[in-house]
Structure formats: structure tokens, C-alpha cells
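Enquirer: this one's structure only:
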């Protein structure tokens, strides 16, 4: 681990999907998280404390919000298993071959051709297979809201610095998965919101140091950082060294721990820095 506070460069904090539905909150919480990530509550409390203690050094704050409708290609309500009326359980992967074989089918028969085209394009990339997740981060629900400690720290930062945080919504298109804040897994030609977000890349590609935290390191954090590194206009070793992953403010979805470990190792090889929240404090 290395410190990223060795210079007076301004800091930009990118906080990915710090939402209730991804947090392993205590039973006393006002709601029940839909997709809790082990360790997320502690992660986000640490990053909230970092935001408070380093408020005068953090010049920009970008928040991404995973945002879905109830009907979504990655939610159970989109699918039938084997025959109409048979539910698909969360955490079920679905492939194009299985759909063609009749093992799964969209509840709307008219969507079959579009679904197959999506699955074929997704699998051709070699990054992911479609995963059916529990309904999560549904627009307007408690689960969609920011973790309470993060929300309070962001409000304090906005007042202290007299500037607004920048909020990025991702996932509203129900026809494509949208792990990365920069681009959907398969962009929709008629929806520019699913294409590469060059404005956000430019915002993150500032003159200072970029700190990255959030949930989950196996999926949305990983996809966002991979796209950022791929599309930075000047991805020199010197530029990449100004990006820091806050390793104690990022956790993986249960069962996907190896995905996060591989991601951290790959980014370190590329020259990104890995540090804890304590190591980046003044």
C-alpha cells in the first residue's frame, strides 16, 4: 500500500453505487437490503469519514447510482423458466444457448428476438454472462437511496465547499446490463445514455488525483475502472498512478471474491495505486 497524499494535488472522489440495497446493514435499519455486499456498511462508513476529514482537499465529488425499473432484463420478473408461470430464481445465469433450447424465455414472447440478439452480443465480448439479480436499486425506493452515513457526509461536504456533488444514474434502460458508470455492457443504438459517457471520462480525467471507492469491487467498481483505464485519452503510467483504489472501501459480492482480487491485481500491474482510507488521509 502507498500513500496518495504526498503532494498538494487536488482530490476527486468517485463513489460508486453507495446505496442501501448493496449494504449489509444491521437489522435495525429502516429497510431490508436487496443485494447486501458483505463488508459494505463498514466500507461506506470509512469513506464517509474520509470525506469529512479530507473535505478541504477533495475538490470534486462524483456519485454513481445504480438505478433500475422493476422490469429489467437482469431481474426475475423479466423471465420464465422452462414454461410460462415458472419463476426464475435470483442469481441464475442465463445464456443464449439456454434460451434457444427453451430452458428460459422472456415473459413477453415478442421480446425473444431482441433478447437473443442481446445475449449473443454480450457473450461475444467475453466479459460477462447475463446474471439474474434480485430486484435492487429500484428507482424511488429506500434501497435506491445513498447509505445514510455517506448521504450525511456528502451534504456536509457540499455546504463546506459550497459546490454540488455530480450524480450519475446508470441502469435505467431495461434491455441491457449497466455495471459500469461509463457504458452499458451492450449499448443500445437508440439510447445514448447507454453509450460511452465521454463527458464523465473528461470529468474524471482532471489534473489531480482520483480516489475510487464503492460497491461492488467484483462488478460495478471493476467495470467502471476497467472502462476508465481503457478510454482515458492519456493512459500513461504517470496518469494511471494518479488513480487510487481505496481497498478498504470496496468489497465484492459474496461468491465473487476472486473477481475482485483479480481486478485489484490487474489494476496494480497497470500502475494504479492501492491504498486504505487511512493511508490517504493527511
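Expert: Sure, I can see it. Note that this is a predicted model, so its numbers are computed, not measured.
Enquirer: mind listing the helices in the stretch 151-282 of the chain by residue range?
Expert: Taking DSSP state H, counting those that start in this stretch, the helices of the stretch 151-282 of the chain run over residues 198-204, 220-231, 237-240, 257-270.
Enquirer: In terms of secondary structure, what does the second one contact?
Expert: Looking back up the chat, that one is helix 220-231. strand 11-16, strand 58-66, helix 198-204, strand 209-215, strand 243-251, helix 257-270 (3 or more C-beta pairs under 8 Å, 6 or more residues apart in numbering; DSSP states H and E). All C-beta atoms are positioned from the backbone trio N, CA, C, and that covers glycine.
Enquirer: Now do the shortest one, average pLDDT.
Expert: Strand 11-16 carries an average pLDDT of 97.
Enquirer: distance between it and the chain's centre?
Expert: Centre-to-centre, strand 11-16 and its host chain are 12 Å apart (C-alpha atoms, centre = their mean, to the nearest Å).
Enquirer: likewise the second one?
Expert: For strand 58-66, the gap between its own C-alpha mean and the chain's C-alpha mean amounts to 12 Å (C-alpha atoms, centre = their mean).
Enquirer: After it, which helix or strand is next?
Expert: Remark: after strand 58-66, the chain's next helix or strand is strand 79-81, criterion DSSP states H and E.
Enquirer: which helices and strands sit right next to whatever helix or strand comes next after that next one?
Expert: The element immediately downstream of strand 79-81 (helix or strand, assigned by DSSP H and E) is strand 92-94. Counting contacts by 3+ C-beta pairs under 8 Å, 6+ apart, strand 92-94 packs against strand 130-132.
Enquirer: circling back: which of the helices of the stretch 151-282 of the chain is buried the deepest?
Expert: Mean neighbours per residue, mean count of other C-beta atoms under 10 Å, is largest over the helices of the stretch 151-282 of the chain for helix 220-231, with a mean of 22.
Enquirer: what's that one in contact with?
Expert: Identification of contacts with helix 220-231 by C-beta atoms under 8 Å, 6 or more residues apart in numbering yields 14, 16-17, 64, 66, 127, 179-183, 185, 196, 198, 201, 204, 212-215, 235, 240, 243, 245, 250, 259-260, 263, 267, 270, 272.
Enquirer: try it again with 7 Å
Expert: Under the criterion C-beta atoms under 7 Å, 6 or more residues apart in numbering, residues 16-17, 66, 179-183, 196, 201, 204, 212, 214-215, 235, 240, 250, 259-260, 263, 267, 270 lie in contact with helix 220-231.
Enquirer: can you check stretch 89-108 too?
Expert: In contact with stretch 89-108 (C-beta under 7 Å, 6+ apart) are residues 76, 78-82, 88, 112, 115-116, 119-120, 123, 129-134.
Enquirer: From those residues, keep the buried residues only.
Expert: 76, 78-81, 88, 115, 119, 123, 130-134 (16 or more other C-beta atoms under 10 Å).
Enquirer: distance between the ends of stretch 252-262?
Expert: Taking C-alpha to C-alpha, to the nearest Å, the first and last residues of stretch 252-262 lie 11 Å apart.
Enquirer: do stretch 135-147 as well
Expert: The first-to-last residue distance of stretch 135-147 comes to 18 Å (C-alpha to C-alpha).
Enquirer: same question, stretch 170-185
Expert: End-to-end distance (C-alpha to C-alpha), stretch 170-185: 11 Å.
Enquirer: go on, stretch 163-182?
Expert: 23 Å.
Enquirer: Then stretch 182-201?
Expert: 7 Å.
Enquirer: Could I get the buried residue list for it?
Expert: Neighbour counts over stretch 182-201 (16+ other C-beta under 10 Å) mark 182, 183, 184, 185, 186, 187, 194, 196, 197, 200, 201 as buried.
Enquirer: What count of nearby residues applies to the nearest residue to residue 57 once chain neighbours are set aside?
Expert: Spatial nearest neighbour of residue 57, excluding adjacent residues (C-beta to C-beta, 6 or more residues apart in numbering): residue 11 at 5.0 Å. Close neighbours of residue 11, defined as other C-beta atoms under 10 Å, add up to 22.
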